[in-house]
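Enquirer: sequence unknown, structure follows:
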């Protein structure tokens, strides 16, 4: 009898926690929607910006440890509204992306500059840069690959 009572009490506790999480998530979502800048408001899918890269992967070949690799991922906004890139994040601190500060108009081109510092790296490398934007596909990835030798 005690076990059954204990199980009911535990189940009730979990159920109330789940309800609070749902309420908090709803409140955060509505607060976030109210505080979003107008540039990131939802655009109908047919009018959304579309980011198309010339190359999504760059192989820098073999380099000596300590060398830096510089590359620019060129892209075009093939959508019908301005493309705003809000963030670019690399898989580690050795790779630093730089995003355009201005919106990219429909039909216009832009670039994301990336610097890879091989000082503390050895062997095969595959650095991923995740780009966040207001495009129809809000997250896009590009790769920087190669080998660091002694």
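Expert: That came through, no problem. From a predicted model like this one, the values you see are computed outputs, not experimental measurements.
Enquirer: next one: the closest residue to residue 94 other than its chain neighbours from residue 62, what distance?
Expert: The shortest distance from residue 94 to any non-neighbouring residue, by Cβ to Cβ, 6 or more residues apart in numbering, is to residue 117 (5.0 Å). For every residue, glycine as well, the C-beta is placed using N, CA and C. Separation of residue 117 from residue 62 (Cβ to Cβ, to the nearest Å): 16 Å.
Enquirer: got any ranges where this structure has weak pLDDT?
Expert: Within the chain, the stretches with pLDDT under 70 are 1-44.
Enquirer: if we go to 50?
Expert: 17-41 (pLDDT under 50).
Enquirer: tell me the secondary structure at the closest residue to residue 90 other than its chain neighbours.
Expert: In this structure, residue 90 finds its nearest non-sequential neighbour in residue 129, 5.0 Å apart by Cβ to Cβ, 6+ apart. Three-state assignment for residue 129 (DSSP: H, G, I helix; E, B strand; the rest coil): strand.
Enquirer: for residue 136, same thing?
Expert: coil.
Enquirer: the closest residue to it other than its chain neighbours and residue 90, how far apart?
Expert: Once flanking residues are discounted, residue 136 sits nearest to residue 48: 4.1 Å by Cβ to Cβ, 6+ apart. Applying Cβ to Cβ, the value for residue 48 to residue 90 is 25 Å.
Enquirer: and residue 49, what does it touch?
Expert: Residue 49 makes contact with 43, 77, 79-84, 104, 106, 133-136, according to Cβ atoms under 8 Å, 6 or more residues apart in numbering.
Enquirer: let me fix that, I meant to ask about residue 125.
Expert: 116, 118, 144-148.
Enquirer: equivalent analysis for residue 121, please.
Expert: So residue 121 contacts 65, 94, 148 (Cβ under 8 Å, 6+ apart).
Enquirer: which residue, other than its chain neighbours, is closest to residue 91?
Expert: Take residue 91 and drop its neighbours on the chain: the residue closest to it by Cβ to Cβ, 6+ apart is residue 128, 4.8 Å away.
Enquirer: show me what that neighbour is bridged to.
Expert: residue 143 (DSSP bridges).
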